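# I would like to see how this sequence folds:
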Amino acid sequence: MSERVAGTAQETVPREQVASKPRAVAGKAAKKNRHADREASSLETKGVTPTQQARSKATFQALIQTGMQVIESKEFQAIKIAEIARAADVSVGAFYDRFQNKDVFLAALQEIVAENIEASVRRVTEGENFASLGDIDAVAMMVKAWLQPVREHSGLIKATLGHVSAQPGAWSPLRRAGRRVADIFVDVLGPRLLARGRKAPESEIRIAMQFVFGLVVNSIMNDPGPLALHKDAMRQNIVKHLSRFLDLEVGRHRKRAGNGGRRE
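Here you go, the predicted model:
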C-alpha cells in the first residue's frame, strides 16, 4: 500500500529530521541519473502536480533523481517518503505537493525510465553510419543501447514488476517501451529480411524479442543464472541467439534503390 492516499494526513516526521540530508547522496544521484531531468508537466502519470516556478521544478527533479538512486539499493516497500525527502534535501510536505502518494512517485519514475530506454535505442539507429552496418553489428548496437538503461534501472524495473498485482496497470509504461523497442528492431531488420525473400519477418522479430525480454525480466526478478544481467556475457548471448533465431548475415549493409538492400 502507498504511504498516503489523497485526502489523508501527511506522514508525521520531525521537521529537523527531514531537513538534515547527506548531500553526497543527492549529488551522486544527480550525476548518475543524468537523463532524469524532466518537468512534471511533461509526464502522463496521474497524481503528479505540474510545477511552474524554477525552484519548484528543481525540487521535483531532485526528488526524481534521488528516488531513482534509492530504489536501486532498497526494496520499494521498505523505502519511506521521509527517506527520499531527506536525501533530496526537501520536506515531506514538498514531496506531497508534487506526488499524490508513493505509488504515483513510482509510476512517474517508471514513465521516465521507459522513455529513456526507448530513446537510447532510437539514438543509435539515427547515427550517421548505422544504416551501413551489417545485420549482426546493427543488432549488437541496439542490444547494447537497450541493455544499458535496463541495467542502470533494474531495481526500479524489479519494484514495478513486484507491484503489478497490487496496482493494475502499474507495468504499462515499461510494457509500452518494450513494444516500442520491438518496433525499432522490426523497422531496422524487417526490410533487410524482406529483401532476402523472408516471409513475415515482423512476426519472427517480435517472437525473438519476446524471448529476449523474458530472459532479462527473469534475470532481474530471480537471477537464476548462468547469465547475469550485469555481465557482458548477457549482452553477447542475446546478440548471438537473436542472430541465430533470425538467421542474420555478417557483412556491410548497403541500401539499393528498389531492391531493399544487399550484402558486400
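
# from here on, contacts and neighbour counts on C-alpha atoms
Will do.

# ok, and the helix or strand in the chain with the lowest average confidence?
Of all helical and strand segments in the chain, the minimum by mean pLDDT, DSSP states H and E falls on helix 15-19, at a mean of 35.

# show me the strands in this protein, by range?
253-255, 261-263 (DSSP state E).

# comparing those, which yields the minimum mean pLDDT?
Ranked by mean pLDDT, the strands of the chain bottom out at strand 261-263, which scores a mean of 44.

# residue 217: how many residues sit nearby?
Applying other C-alpha atoms under 10 Å, we find 17 residues neighbouring residue 217.

# report the separation between it and residue 135.
Relative to residue 135, residue 217 is positioned 25 Å away (C-alpha to C-alpha, to the nearest Å).

# wait, residue 228 touches residue 236, no?
No. Under the criterion of C-alpha atoms under 8 Å, residue 228 makes no contact with residue 236, lying 11.5 Å away.

# can you check the pLDDT for residue 190?
pLDDT at residue 190 comes out at 96.

# surely it touches residue 204?
No. Applying C-alpha under 8 Å as the test, residue 190 and residue 204 come out as separate, 9.3 Å apart.

# more neighbours: which of these two?
Using other C-alpha under 10 Å, the more surrounded residue of residue 190 and residue 204 is residue 190, with 20 against 16.

# against residue 203, how distant is that one?
From residue 190 to residue 203 the distance is 9 Å (C-alpha to C-alpha).

# pLDDT weak spots in the stretch 101-250 of the chain?
Within the stretch 101-250 of the chain, the ranges that satisfy pLDDT under 70 run 163-171, 250.

# where along it do the helices fall?
Using DSSP state H, counting those that start in this stretch, the helices of the stretch 101-250 of the chain run over residues 102-125, 135-152, 154-163, 172-195, 201-221, 232-246.

# so for residue 98, what's the pLDDT?
Model confidence at residue 98 (pLDDT) stands at 89.

# so it touches residue 50, yeah?
Yes. Counting by C-alpha under 8 Å, residue 50 is a contact partner of residue 98 at 7.3 Å.

# more crowded one of the two?
residue 98 (21 against 17).

# give the contact list for the more buried one.
48, 49, 50, 51, 60 (C-alpha atoms under 8 Å, 6 or more residues apart in numbering).

# got the helices of the stretch 101-250 of the chain as a markdown table, with distance to residue 84 columns?
Below are the helices of the stretch 101-250 of the chain laid out as a markdown table (distance: least, C-alpha to C-alpha, whole Å):
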| stretch | distance to residue 84 |
| --- | --- |
| helix 102-125 | 10 |
| helix 135-152 | 19 |
| helix 154-163 | 14 |
| helix 172-195 | 22 |
| helix 201-221 | 23 |
| helix 232-246 | 32 |
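
# please name the nearest non-neighbouring residue to residue 224.
Nearest residue to residue 224, sequence neighbours excluded (C-alpha to C-alpha, 6 or more residues apart in numbering): residue 218, at 7.6 Å.

# what's the neighbour count on the closest residue to residue 173 other than its chain neighbours?
Spatial nearest neighbour of residue 173, excluding adjacent residues (C-alpha to C-alpha, 6+ apart): residue 111 at 5.4 Å. Residues lying near residue 111 (other C-alpha under 10 Å) number 20.

# do the same with residue 126
Residue 126: 10 neighbours (other C-alpha under 10 Å).

# which residues does it contact?
Contacts of residue 126 (C-alpha under 8 Å, 6+ apart): none.

# residue 97 contacts residue 49, doesn't it?
Yes. Residue 97 is within contact range of residue 49, at 7.0 Å (criterion: C-alpha under 8 Å).

# okay, residue 70 and residue 58: tell me how far apart.
18 Å.

# more crowded one of the two?
residue 70 (20 against 15).

# contact partners for the nearest residue to that one once chain neighbours are set aside?
Nearest non-adjacent residue to residue 70, counting by C-alpha to C-alpha, 6+ apart: residue 84, 7.4 Å away. Residues in contact with residue 84 (C-alpha under 8 Å, 6+ apart) are 63, 66, 67, 70.

# residue 233 against residue 227, yeah?
Yes. Between residue 233 and residue 227 there is a contact under C-alpha under 8 Å: 6.6 Å.
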